[in-house]
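1. Only the shape, not the letters, is given here:
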């Protein structure tokens, strides 16, 4: 068990931004909210999955909605807490821990804020190890946790509670439809889980990984070494492409930012081009020759070539000089159970095969842990 | 307090069909379900508003969705009961009575089925005195009852519970969006009401009116007198137009059946034409000369010229010989509070003035009661 510091929040914002693979929303506002909680004297405790007691009752918490909307909209800041309280009333039981639904993007910060507000520890892990555009695309659901009961809350305090929905795709449709009607972004609390379920279905140590990733980037920036290399060491990733953004085609469809990004190569990739398809998150990176460099669920992260600052789909713009980084997905995302839910076919690319990137997700962290 | 008989169900199906003003869904399936309940030995008790005890807890129950979908879809038959049970669990209290949200169409029967299933009395009244296309278009909401908590259930047992939504139009949007995602039709339970709220906001005696209307039509048919005249006497309505349906333009938009109906006059109206705009329910009847004969919230009912069988928007078709009947709306629908919610402007006709039809809603019933 350890406490999140203000410095750790700064690092988490960067690390979670990179792991957001272009989506997941900007952690910036959540970081300010979490920092404000710390400055009010509240604590944010993180516990490892192994520290969760047998009789724990855990819920995922986060925000739902297209990143573009989330950024333009004023949050009350307590929507996920309100959703969690509604879910507790529905269950007639109180939660003992919260867990990030997705470590990538803003949903890394939301559980920190809820943890501080509610005085509950955050579990070191999440349901994705990255970000995905749909609620049911998490390891909790993939490995058999029932998605409901689950609750949504909007900035006006409106509540929607869903129950007896065993079909995760149906739950996603209902929650998405209500979120759109509620103005485009809501706070959520789901699924309620036992400690057994959390131990069996969580992508572990991802809060630690995101913070370590951000710390490595910040240390490299301060030490005038290349922050992108530092990010690769921690995550087990590789450079896929160096270039400049020359075109972005983007539209908001059914609450998702869908689009295509074009890059012209530079440095080692001068003369080549890259096309990245995204749906909130980056899905497929392929060269102008049609060679596929990386495919979801592997992480395709775009970072500034000099600072390793994450470049999310909502801030993509002409002329940015970036490195496209590929990080191997957590092993739990690459199983026969997981790939139909979060592989290329699930995003409308049935003909794109998934050839996993080499390496191990978070291998730098594993090495660090082994060295301790 | 009185018990609904099988004969009363037959009459209710006809009366509620006419009061459905073209929409509200066909009461036929609900009638079979309610009859089945009676044949299983269950009772359906009706109590007047004045008989409701002070400590009662009442909920509206019914079905939500476009009539076209409802007819094509297999119901489990217990969706509204499942919604009511979910709402009870949410409130931590049990209901003592149910009340029809709308007496027009299939939602006249649904409370009968729930009453039998749950062993609760039905209140003699409703929130519309007719049918309307949206949930919040009822006198409960218009006169200040908070629409939530409210619950929806679908045929798979999926549940959605909404709470803290004081804005009735927002609740309608959320419930409609989820209903569409749930396949187009759901059972609902809302709003929970105290006896004080029911006494203050209910359109009274409409279960009795719908049954009396159906009985009058059936008696006239059996006695070989004109059933349309019988319907007019009970309801206080008048003949607006006689003719034949020559064109129906209909489309399903956001879960509603919207369209325009054209009639060519016959008999006393030979040579004239009539156009009726509808959104599930008939909204405006105007002649080819542009004269407006009747406007929502007054009831525009299309019935077969010989049998007074209600002609709903889903069974409209070329060649039907009909009488268009106008029935003055209940007084509670014509107040300054009500007209902005259920007058022509609420349906997208801001330039159409509401000139109320002469007469009194259900005046035949009032006369009968006075004579008793």
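-> It's in. This structure is a prediction, so every number in the text was calculated from the model and none was measured. Numbers count the residues shown, from 1 in each chain, chains lettered A, B, ... in the order given.

2. Please parse chain A into its domains.
-> In terms of domains, chain A is parsed into A:2-204, A:227-369 (source: automatic domain parsing).

3. Kindly reformat the ones you listed as CSV containing mean neighbour count.
-> Backbone N, C-alpha and C define where each C-beta goes, glycine included. Compiled in CSV, those are given as follows (neighbours: other CB atoms under 10 Å in any protein chain shown):
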stretch, mean neighbour count
domain A:2-204, 23
domain A:227-369, 19
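
4. Mind checking the ones you listed for the one nearest to residue B:10?
-> domain A:2-204 (35.1 Å; CB to CB).

5. so does that closest one get close to chain B?
-> Yes. Between domain A:2-204 and chain B, judged by CB under 8 Å from any CB of the partner chain, the touching residues are A:86, A:89-90, A:156-165, A:167, A:170, A:173-174, A:177-178, A:180-182.

6. List the contacts of residue A:177.
-> B:177, B:178, B:180, B:181 (CB atoms under 8 Å, 6 or more residues apart in numbering or on different chains).

7. hang on, I meant residue A:31
-> Contacts of residue A:31 by CB under 8 Å, 6+ apart are A:9, A:10, A:12, A:13, A:109.

8. Could you say which helix or strand holds the closest residue to it other than its chain neighbours?
-> Leaving aside its sequence neighbours, residue A:31 sits nearest to residue A:13 (CB to CB, 6 or more residues apart in numbering or on different chains; 4.4 Å). With elements delineated by DSSP states H and E, residue A:13 resides in helix A:6-19, which encompasses its position.

9. Check which helices and strands that helix is in contact with.
-> With contacts taken as 3 or more CB pairs under 8 Å, 6 or more residues apart in numbering or on different chains; DSSP states H and E, helix A:6-19 sits against helix A:28-39, helix A:206-222, helix A:227-235, strand A:299-304.

10. how about these in CSV, adding mean pLDDT?
-> Putting these into CSV (pLDDT from 0 to 100) gives the following:
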stretch, mean pLDDT
helix A:28-39, 93
helix A:206-222, 97
helix A:227-235, 97
strand A:299-304, 97
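
11. now these as JSON lines including distance to residue A:113?
-> Formatted as JSON lines, the helices and strands packed on helix A:6-19 follow (distance: least, CB to CB, whole Å):
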{"stretch": "helix A:28-39", "distance to residue A:113": "5"}
{"stretch": "helix A:206-222", "distance to residue A:113": "14"}
{"stretch": "helix A:227-235", "distance to residue A:113": "25"}
{"stretch": "strand A:299-304", "distance to residue A:113": "24"}
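
12. Next one, pLDDT for residue A:73 please.
-> Residue A:73 is assigned a predicted lDDT (pLDDT) of 48.

13. hey, where'd the strands end up in the stretch 151-300 of chain A?
-> Defined through DSSP state E, counting those that start in this stretch, the strands belonging to the stretch 151-300 of chain A, from first to last, are A:159-163, A:185-194, A:203-204, A:238-253, A:256-265, A:273-279, A:281-287, A:292-295, A:299-304.

14. now those as TSV including distance to residue B:293?
-> Converted to TSV, these look like this (distance: least, CB to CB, whole Å):
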stretch	distance to residue B:293
strand A:159-163	42
strand A:185-194	46
strand A:203-204	66
strand A:238-253	44
strand A:256-265	48
strand A:273-279	52
strand A:281-287	57
strand A:292-295	64
strand A:299-304	64
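
15. between those, which gets nearest to residue A:22?
-> Among the strands of the stretch 151-300 of chain A, if distance is taken as CB to CB, the winner is strand A:281-287, at 4.1 Å.

16. name the helices or strands packed onto the closest one?
-> When contacts are defined as 3+ CB pairs under 8 Å, 6+ apart, strand A:281-287 sits against strand A:238-253, strand A:273-279, strand A:292-295, strand A:299-304.

17. Give me the distance between residue A:120 and chain B.
-> 22 Å (CB to the nearest CB, to the nearest Å).

18. Secondary structure class of that residue, three-state.
-> At residue A:120, secondary structure determined by DSSP: H, G, I helix; E, B strand; the rest coil is coil.

19. Take the residues of domain A:2-204 next to chain B and keep only those in helices.
-> Counting by DSSP state H, the part of the residues of domain A:2-204 next to chain B found in helices is A:86, A:89, A:90, A:170, A:173, A:174, A:177, A:178, A:180, A:181.

20. Surely the first one and residue A:153 touch.
-> Looking back up the chat, that one is residue A:86. Yes. Here residue A:86 reaches residue A:153: they are 6.5 Å apart, a contact under CB atoms under 8 Å.

21. intersection of neighbour lists for the two?
-> Counting by CB under 8 Å, 6+ apart, the residues touching both residue A:86 and residue A:153 are residue A:159.

22. roughly how far apart are the residue positioned nearest the centre of chain A and residue A:12?
-> Closest residue to the average C-alpha location of chain A: residue A:104 at 2.0 Å, with CA atoms, centre = their mean. Using CB to CB, to the nearest Å, one obtains 11 Å as the distance from residue A:104 to residue A:12.

23. What of residue A:171?
-> Counting by CB to CB, the gap from residue A:171 to residue A:12 is 28 Å.

24. List the residues that contact the residue in chain A sticking out farthest from the centre.
-> Taking CA atoms, centre = their mean as the measure, the residue most remote from the mean C-alpha position of chain A is residue A:271, 32.7 Å away. Residues near residue A:271 by CB under 8 Å, 6+ apart: residue A:265.
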